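In: what follows is a predicted protein model with its sequence.
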Amino acid sequence: MSEQELKALRLRIDALDEKVLELISERARCAQEVARVKMASLAEGEVPVFYRPEREAQVLKRVMERNQGPLGNEEMARLFREIMSSCLALEQPLKVAYLGPEGTFTQAAAMKHFGHAVISKPMAAIDEVFREVAAGAVNFGVVPVENSTEGAVNHTLDSFLEHDMVICGEVELRIHHHLLVGENTKTDSISRIYSHAQSLAQCRKWLDAHYPNVERVAVSSNAEAAKRVKGEWNSAAIAGDMAAGLYGLTRLAEKIEDRPDNSTRFLMIGSQEVPPTGDDKTSIIVSMSNKPGALHELLVPFHDNGIDLTRIETRPSRSGKWTYVFFIDFVGHHRDPLIKGVLEKISQEAVALKVLGSYPKAVL
Ligand SMILES: O=C(O)C(=O)C[C@]1(C(=O)O)C=C[C@@H](O)C=C1
């Protein structure tokens, strides 16, 4: 390519960037107008709701449907995710608590869902995320709920039994683990590998093959593991890209998870009910009496109405030995007439039924 051609193309890019810039600014001004309309239409004592997950899901879906390339749908949606995040910050900067410290996969999930224009607050434990949301110190919380290799995150399920929370969104993240070391680490004499217990489990076979005699130490998160090895000479950490970048660690081995499709699902928790989008999921907790056939009774109404169950988990209930609660996710919104009927039927048989929330299926 000649210098001339390159120059001409760059001039075209400059001109296009100017147009993109003007269009983004126009969109941002429009969002400011939306905020004004929302404020003006408030009833006496009503609190404005700026963040609208159902609308965001619609915007992102539309972008993906209309995109003609050459950028991929996900790539394009991610760009719009960030534009919308910045537009919302003009209306109201969202405060979001997540399972920290900085650099965790939960932080990456929070950014994937809300974009980067939020004020994010790392918390030391899942329960603290719930408490922070319950106290109203933040608008939303982000917690992991299930991993495709290791199953349910029980701390999260148990926290739902203790706190009144509304689930207002979900996001799924591909989890890639790397073996990381600090700049002073003697890589031929690693005697200890730190990570979160779930991450150690997700890399068990790889560790057995490559570091069978090295001590595996479970710590509170993989970002915490990354932070620790920074100053140690004989230790490595298993953590993801975000933690590696944050603590300036080197990758000794990449993508060491045993299953290539290893992914984790995260939930957004808050107090805001989300209206239907036509492509939603609902999460409920049900407690059944301890008698034969209770689970069957619970599942029949879903089957009879052709409702797609996406997950069912069991946890011991807090109220009595050997009694259980079921966490169930299914496709549909609790305001849909069909789902309403099913929930009514279940509540006739159940000891207790709580709708944790209906929310748009993850778009990204
Ligand atoms: O449509 C709205 O209600 C807006 O506030 C605008 C907008 C956007 O930028 O598109 C911004 C924030 C909301 O969460 C959803 C959408």
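Out: Ah, there it is. Numbers count the residues shown, from 1 in each chain.
In: ok, the helix or strand hosting I328: who's next to it in the sheet?
Out: Secondary structure from DSSP states H and E places I328 in strand 324-331. Sheet partners assigned to strand 324-331 using DSSP bridges are listed as strand 280-287 (antiparallel), strand 309-316 (antiparallel).
In: closest one to D188 among those strands?
Out: strand 309-316 (43.2 Å; C-beta to C-beta). Glycine gets a C-beta too; all of them are placed from N, C-alpha and C.
In: just the CA atoms of the closest one, as PDB, please.
Out: Presented in PDB, the C-alpha positions along strand 309-316 are these (Å, rounded to 0.1, in the frame of the first residue of the first chain):
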ATOM      1  CA  LEU A 309     -36.700 -25.300  33.600                       C
ATOM      2  CA  THR A 310     -33.200 -24.100  33.300                       C
ATOM      3  CA  ARG A 311     -31.900 -25.000  36.700                       C
ATOM      4  CA  ILE A 312     -32.900 -26.700  39.900                       C
ATOM      5  CA  GLU A 313     -30.800 -26.800  43.100                       C
ATOM      6  CA  THR A 314     -31.500 -28.100  46.600                       C
ATOM      7  CA  ARG A 315     -30.200 -26.600  49.800                       C
ATOM      8  CA  PRO A 316     -30.900 -27.600  53.400                       C
END
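In: next helix or strand past the worst-scoring helix or strand of the chain on mean pLDDT?
Out: The weakest-scoring helix or strand in the chain, judged by mean pLDDT, DSSP states H and E, is strand 151-152 (a mean of 88). Sequence order places helix 154-162 as the next helix or strand after strand 151-152, per DSSP H and E.
In: list the buried residues in that next one.
Out: Across helix 154-162, burial judged by 16 or more other C-beta atoms under 10 Å covers 155-161.
In: contacts for it, please.
Out: Contact partners of helix 154-162, identified using C-beta atoms under 8 Å, 6 or more residues apart in numbering, comprise 125-127, 130, 143-145, 165, 267, 285, 313, 315, 317-318, 325, 327, 356.
In: quick check: mean pLDDT of whatever helix or strand comes next after it?
Out: Downstream of helix 154-162, the first helix or strand assigned by DSSP H and E is strand 166-174. When pLDDT is averaged over strand 166-174, the result is 97.
In: list the contacts of the following helix or strand past strand 166-174.
Out: Using DSSP H and E, the next helix or strand after strand 166-174 towards the C-terminus is strand 178-181. Strand 178-181 has contacts (C-beta under 8 Å, 6+ apart) with 187, 190, 193, 226, 229, 235-241, 243-244, 247, 249-256.
In: up against the ligand, what does the chain have?
Out: Counting by C-beta under 6 Å from any ligand atom, the residues of the chain lying close to the ligand are 31, 34, 50-52, 55-56, 59, 84, 87-88, 91.
In: using PyMOL, define a selection of the buried residues within those residues.
Out: PyMOL command restricting the residues of the chain next to the ligand to the buried ones, with burial defined by 16+ other C-beta under 10 Å:
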select buried, resi 31+34+50+51+52+56+59+84+87+88+91
